[in-house]
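>>> here is the input, now give the coordinates:
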Amino acid sequence: MTGASSDILHLVEAAYRQHFETVPARASVSFLGLDPIEVLRYADGRQDHYLSLGMSRYPMADPAELVIAADSAPRAELLLSVAGRPDLLWRKLAVLAAAPAVEGAVYQVGNRVDLTEPLCPGSRCTGGVLATAGLQPVTAPGVAAVQILRVLPATQTELAWARVHGSEQLQQRWLAAGTDLADLTRDPVELS
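Take a look at the predicted model:
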């Protein structure tokens, strides 16, 4: 890991600690050819908040781009808030966080992400919609600010519907139905 990448990750982790005001539990996942992605879990008594740490190490860019401007290419980390402590959820969040480096994905608010398999055992959700997280972007010298993107868990049915009707429409359906997005075992929202 280069010095600049290390500095970025230290700033992101410091912002997490300041926001949650506690020391997290940690897990790390290694991917072939990449530096490890860590997942930090912060508990607040009502929900557990899982945050990636390592995705912002590299700027996100379309793989077809020949030159990537580090000072303007977007950087991000992911936040997933759930009820309880589902098994293996941290691993699935790390897979989502590795996608920009592995597949050239560029994450932004409104994107849909789908693993096509449950986020954890017993989950009906296989991915999610990316939204603003309520944490301030983390600034570091010489690079674009790191955005913290919230993953709003969604079922495959919901994600398929959102591909046609849009992520914003799906979020409006969730809001109207009072959907508990922290419950990964929930049924899909009514979409007819």
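
>>> shaky segments in the protein?
Residue ranges of the chain with pLDDT under 70: 1-4, 63-71.

>>> ok, then the element right after the biggest helix by length in it?
Determined from DSSP state H, the single longest helix within the chain is helix 3-20. Downstream of helix 3-20, the next assigned helix or strand under DSSP states H and E is strand 25-29.

>>> which other helices and strands contact that next one?
Other helices and strands packing on strand 25-29, by 3 or more CB pairs under 8 Å, 6 or more residues apart in numbering; DSSP states H and E, are strand 37-43, helix 89-103. Quick note: C-beta positions are derived from backbone N, CA and C, even for glycine.

>>> distance to residue 156 and mean neighbour count added to those, as a markdown table?
Converted to a markdown table, the helices and strands packed on strand 25-29 look like this (distance: least, CB to CB, whole Å; neighbours: other CB atoms under 10 Å):
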| stretch | distance to residue 156 | mean neighbour count |
| --- | --- | --- |
| strand 37-43 | 23 | 21 |
| helix 89-103 | 14 | 20 |
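
>>> and residue 16, which of those is closest to it?
Distance to residue 16, taken as CB to CB, is lowest for strand 37-43 among the helices and strands packed on strand 25-29, at 6.3 Å.

>>> parallel or antiparallel, list what pairs with that closest one.
Paired strands of strand 37-43, with direction, are strand 25-29 (antiparallel), strand 48-53 (antiparallel) (DSSP bridges).

>>> okay, those strands, which one's buried deepest?
strand 48-53 (a mean of 24; mean count of other CB atoms under 10 Å).

>>> quick one: the following helix or strand past that one to helix 89-103, angle?
Going down the chain from strand 48-53, the next helix or strand is strand 75-82, by DSSP H and E. Put simply, strand 75-82 runs at 160 degrees to helix 89-103, going by axes from the mean of the first three to the mean of the last three CA atoms, to 10 degrees.

>>> who does strand 75-82 touch, helix- and strand-wise?
strand 48-53, helix 89-103, strand 146-155.

>>> show me the contacts for the spatially most central residue of the chain.
Centroid-nearest residue in the chain, with CA atoms, centre = their mean: residue 78, separated by 2.5 Å. Going by CB atoms under 8 Å, 6 or more residues apart in numbering, residue 78 touches 51-52, 55, 93, 96-97, 107, 130, 148-151.

>>> appreciated, that's everything.
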